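> Curious how this folds, go ahead:
(one chain, ligands or ions: 1)
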Amino acid sequence: MCGIVGYVGHQQVVPVIIEGLRRLEYRGYDSAGIAVVNRDGEMHVRRASGKLRKLEEALMLKPLDGDYGLGHTRWATHGRPTEENAHPHRSSNGRICVVHNGIIENYLELKRDLQTRGHNFQSETDTEVIAHLIEDKLRTEPELRLEGAFRSMLRQVRGIYALVALSADEPDRLITARLGPPIVIGIGEDEYFVASDIPAILPYTRKVFFLGDDEMAVLSRSAGVKVTDIDGNEIHPEVQHINWDPIQAEKSGYKHFMLKEIYEQPRAVRDTTQGRVSLDTGKIYLDTMKIPEEQFLRFTDIKIAACGTAWHAALVAKYLIEELARIPVEVDYSSEFRYRNPILNSTTLMMVISQSGETADSIAALREAKDKGCRTLAICNVQGAMMTREADCTIYTHAGPEIGVASTKAFTSQIVAAYIFALYLAQQRETLDEPMLKWHTRHLSELPVKLEKLLNSETDYEELSRAFVLSTDFLYLGRGINFPIALEGALKLKEISYIHAEGYAAGEMKHGPNALIDSRLPVVVINTLDPEDVKSRLRYEKTLSNIQEVRARDGIVVAIVTEGDLDTRESASYTIEVPPSSELLSPVLSVAPLQLLAYHVAVRRGCDVDQPRNLAKSVTVE
Ligand code: AGP
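This next block holds a predicted model:
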């Protein structure tokens, strides 16, 4: 999970690459580096351990200029996050350099072989062997030139990679290849970009396409972009027009991307709903649904695979689909799915949920299901990402670029997309009649305004966070459709504040977790109530008992409740109210206070909210 940027064109290369790396820093921030080649064919490299600003400081001290180059911001896999291990890595003669995201599994045997042939290595990384392999090939077969030597290198390495290489002996030319982690290419006016993700390219062009696995591309000012497979057969990928505006990828005055993205949720929900539901007729429209309509009647079961926050969205999707469409749904962590030999067949619909569309485990789960003959559907936030290219069809969330490592607006958009899909299934299988479809679509259309009201309420999360800044453990409880929200609240807190937090089904308290309760343990309980829903009332009553049991043992309770709920207010230590909503849509509202609580606790603890330690935005390695 690293950030790669390459540029060849008419602009000064250093600002383009540094700005691109800044926009990709959420992908990895252990160290950073840049290599540029100037008019005289001299290659210059600057690298620094630590955040990108360290590299910027190095460039201030010793500026560079050049016409083409590449840069990298690292999430260390092999080798400590030191300057020596920072990318770009160079060949022995210093004329070739590469940046890499992924893992070269056979690098040690390649390294030993190269060392016997006189190559001297400067780093502990797997990546460095790539530069030496290319150089070694050119030593013996110079007529291959960079493209041919690069192709030969690809046949020798084993593993996964997003690679970009350049040579000081071949001006204005970049070569890139992908197997696993993403590579996106931008087509400008007499300039070309290569990057790990769209935000790095967005300020310059909206015309992009993702390389596919086992594809490579040569970018040059003279010949433009040529895409081939490893054997050299030309490929003509479809160029997408990205409709994100560059401002969306900026902080727009917020202190952190995460806070901005929390407050963008009403817009994300609205945009994800737009054009897909009719309030007049209750009809659902999914124009990207390329699975034949009659097929929906034949599905006997649904499997959903996802990771992290997306897995929590998958758990909510299970409640939604089983309630509305009456199809059995099984949810797996993607990383577990393929190790349990799942029962899949041609009447199984396999879904993957992913913000990035590039999570390695979820791609692997999708491929496993395809190999077993399943129809496949992705819920994804990034146009053209790997999962959207491999699934039969995609329901896009329209949350815009999500930069903060902690997922927020993508999560609520995933729930909305799953809700719309559940209604679509109910419509195809006639498990809901028109009046009920209208009822659901009306509640869905009211959601953005309710979320807006909630996010602009007077609740003083900053003050509330003061009480918990020194806490060492948290417990989050929920029941029914609120159970996945308890899991999500715990993940938000732990991943940005580094406080241990655990989400639990409220009904399980007597089966063990009650032993944890004491006066130091904050217990966050989600207990909203839809008074029109009998099951909601039952769930509410049982969970209110949980709150009273915790308080009876001197536990601290932070309760998330529906506006006007006085019973819980009397029982809890702290109460946060959310607007009333239907039971099935309540998770979109009840998660927002948990996001804000986690955010303010983390800020008060001085944590790096947008780039938490040891994490990266997109986990493109297994
Ligand atoms: C959630 O806040 C984390 N950033 C992480 O768990 C994330 O949800 C997970 O890695 C899945 O990413 P994806 O949605 O891009 O597949």
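
> Y461 and A598 touch, don't they?
No - taking C-beta atoms under 8 Å as the definition, Y461 is not a contact partner of A598, at 9.4 Å. In short, each C-beta sits where N, CA and C put it, glycine included.

> Looking at these two, which one has more neighbours?
More crowded of Y461 and A598, by other C-beta atoms under 10 Å: A598, with 32 against 17.

> for this protein, which spans come out with low pLDDT?
1, 28, 76-79, 246-249 (pLDDT under 70).

> which parts of the longest helix anywhere in it are buried?
Ordering each helix of the chain by length in residues (DSSP state H) puts helix 434-455 first. Neighbour counts using 16 or more other C-beta atoms under 10 Å place 437-438, 440-441, 443-444, 447-448, 450-452, 454-455 of helix 434-455 among the buried residues.

> next one: the next helix or strand after that helix to chain centre, how far?
Scanning forward in sequence from helix 434-455 by DSSP states H and E, the next helix or strand is helix 461-466. Relative to its chain's centre, helix 461-466 lies at 28 Å (C-alpha atoms, centre = their mean, to the nearest Å).

> Other residues contacting helix 461-466?
Helix 461-466 is contacted by residues V558, Y574, I576, P593, L596, L597, Y599, H600, V601, V603, R604 when judged by C-beta atoms under 8 Å, 6 or more residues apart in numbering.

> likewise stretch 217-236?
By C-beta under 8 Å, 6+ apart, the list of residues contacting stretch 217-236 from outside reads 6, 8-10, 68, 147, 151, 154-155, 172-177, 183, 185, 187, 190-192, 194, 211-212, 214-216, 237.

> So which bits of the stretch 351-500 of the chain are right by the ligand?
Contacts of the stretch 351-500 of the chain with the ligand, taken as C-beta under 6 Å from any ligand atom, map to S354, Q355, S356, T359, S362, V405, A406, S407, E495.

> What about the third one, how many residues nearby?
Counted with other C-beta under 10 Å, residues neighbouring S356 total 25.

> what separates the closest residue to T348 other than its chain neighbours from the ligand, distance-wise?
Using C-beta to C-beta, 6 or more residues apart in numbering and skipping residues adjacent in sequence, the residue nearest T348 is C374, 4.7 Å away. From C374 over to the ligand the distance is 19 Å, taken as C-beta to the nearest ligand atom, to the nearest Å.

> Please list the residues of the stretch 501-622 of the chain that sit near the ligand.
Residues of the stretch 501-622 of the chain that fall close to the ligand, judged by C-beta under 6 Å from any ligand atom: S618, V619.

> How many residues are close by the residue of the stretch 401-550 of the chain at minimum distance from the ligand?
Closest to the ligand within the stretch 401-550 of the chain is S407: 3.8 Å, counting by C-beta to the nearest ligand atom. If you count neighbours by other C-beta under 10 Å, S407 ends up with 28.

> Now restrict the contacts of helix 461-466 to buried residues only.
When the contacts of helix 461-466 are checked for burial by 16+ other C-beta under 10 Å, the buried set is V558, Y574, I576, P593, L596, L597, Y599, H600, V601, V603.

> Where strands are concerned, which of those count?
V558, Y574, I576 (DSSP state E).

> Just to be sure, T228 is in a helix?
No - T228 is assigned strand when assessed by DSSP: H, G, I helix; E, B strand; the rest coil, not a helix.

> With adjacent residues omitted, what lies nearest to the residue in the chain that the ligand sits nearest to?
Nearest residue of the chain to the ligand: G308, at 1.8 Å (C-beta to the nearest ligand atom). Using C-beta to C-beta, 6+ apart and skipping the chain neighbours, the partner closest in space to G308 is L491 (6.7 Å).

> That neighbour: neighbour count?
So L491, with other C-beta under 10 Å, has 23 neighbours.

> and what of the one 5 residues further on?
Around I496 sit 28 other residues, with neighbours defined as other C-beta under 10 Å.

> so which helix or strand takes in it?
With DSSP H and E as the criterion, I496 is inside helix 483-497.

> Now do the helix or strand following that helix: distance to the chain's middle.
Later in the chain than helix 483-497, the nearest helix or strand by DSSP H and E is strand 500-505. Between the centre of strand 500-505 and the centre of its chain there are 22 Å (C-alpha atoms, centre = their mean).

> Dump strand 500-505 to PDB, keeping only the CA atoms.
What follows is strand 500-505 as a C-alpha-only set of coordinates in PDB (Å, rounded to 0.1, in the frame of the first residue of the first chain):
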ATOM      1  CA  HIS A 500      -8.400  -0.700  22.400                       C
ATOM      2  CA  ALA A 501     -12.100  -1.000  21.600                       C
ATOM      3  CA  GLU A 502     -14.300  -4.000  21.100                       C
ATOM      4  CA  GLY A 503     -17.800  -4.200  19.400                       C
ATOM      5  CA  TYR A 504     -20.200  -6.800  20.800                       C
ATOM      6  CA  ALA A 505     -23.700  -8.000  20.400                       C
END
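
> Now that strand: buried residues?
A501, E502, G503, Y504, A505.

> do the same with stretch 385-396
Per 16+ other C-beta under 10 Å, stretch 385-396 contains these buried residues: A385, M386, M387, T388, E390, A391, D392, T394, I395, Y396.

> Max pairwise distance over the residues you listed: which two?
M386 and I395 (16.1 Å; C-beta to C-beta).

> Just the element for the nearest residue to V16 once chain neighbours are set aside, please.
Distances taken as C-beta to C-beta, 6+ apart place Y7 nearest to V16, at 4.6 Å, with adjacent residues excluded. Using DSSP H and E, Y7 maps to strand 3-8.

> which ones among the buried residues of stretch 385-396 are found in strands?
T394, I395, Y396.

> show me what contacts the second one?
For I395, the set of contacting residues under the criterion of C-beta under 8 Å, 6+ apart consists of L286, T288, M289, L377, A378, I379, C380, A417, I420, F421.

> Could you turn the buried ones of the residues you listed into a PyMOL selection?
The PyMOL command for the buried members of the contacts of I395 (criterion: 16+ other C-beta under 10 Å) is given here:
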select buried, resi 286+289+377+378+379+380+417+420+421
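
> Keep only those of the contacts of I395 that are in strands.
L377, A378, I379, C380.

> Tabulate those (a markdown table), appending distance to I517.
Below are the ones in strands among the contacts of I395 laid out as a markdown table (distance: C-beta to C-beta, whole Å):
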| residue | distance to I517 |
| --- | --- |
| L377 | 42 |
| A378 | 41 |
| I379 | 37 |
| C380 | 40 |
